[in-house]
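In: I would like to see how this sequence folds:
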Amino acid sequence: MPQLNPAPWFLIMVFSWCVFLIFLPPKIMAHLFPNEPSSQNTCPKEIKPWPWSWH
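Out: Model prediction:
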């Protein structure tokens, strides 16, 4: 059964983890957001009653 032979798949796994752990994090951390998130206003909005025309 070739699936149980770890020789070809172990190197593929090691190289893929090297890509994930060495090359991708600096690229992701260097990403800049175009707009800084602003804090939302915590004051409640003034609620006005809706003028129902049929009542």
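In: going forward, measure contacts between C-alpha atoms and count neighbours the same way
Out: OK.
In: Below-threshold pLDDT in the protein: ranges please.
Out: 1-3, 42, 54-55 (pLDDT under 70).
In: Okay, helices next: where are they in it?
Out: Shown for the chain, the helices assigned by DSSP state H span residues 7-18, 24-29.
In: and among these, the most buried is which?
Out: Across these, the average number of neighbours (mean count of other Cα atoms under 10 Å) peaks for helix 7-18, which reaches a mean of 11.
In: Tabulate the CA atom coordinates of that one in PDB.
Out: Output of helix 7-18 as PDB, limited to C-alpha atoms (Å, rounded to 0.1, in the frame of the first residue of the first chain):
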ATOM      1  CA  ALA A   7       8.900   9.000   2.300                       C
ATOM      2  CA  PRO A   8       7.300  11.100  -0.500                       C
ATOM      3  CA  TRP A   9       4.600  12.700   1.600                       C
ATOM      4  CA  PHE A  10       6.700  13.600   4.600                       C
ATOM      5  CA  LEU A  11       8.900  16.000   2.600                       C
ATOM      6  CA  ILE A  12       5.800  17.500   1.000                       C
ATOM      7  CA  MET A  13       4.300  18.100   4.400                       C
ATOM      8  CA  VAL A  14       7.600  19.600   5.800                       C
ATOM      9  CA  PHE A  15       7.900  22.000   2.800                       C
ATOM     10  CA  SER A  16       4.300  23.100   3.000                       C
ATOM     11  CA  TRP A  17       4.600  23.800   6.700                       C
ATOM     12  CA  CYS A  18       7.800  25.800   6.000                       C
END
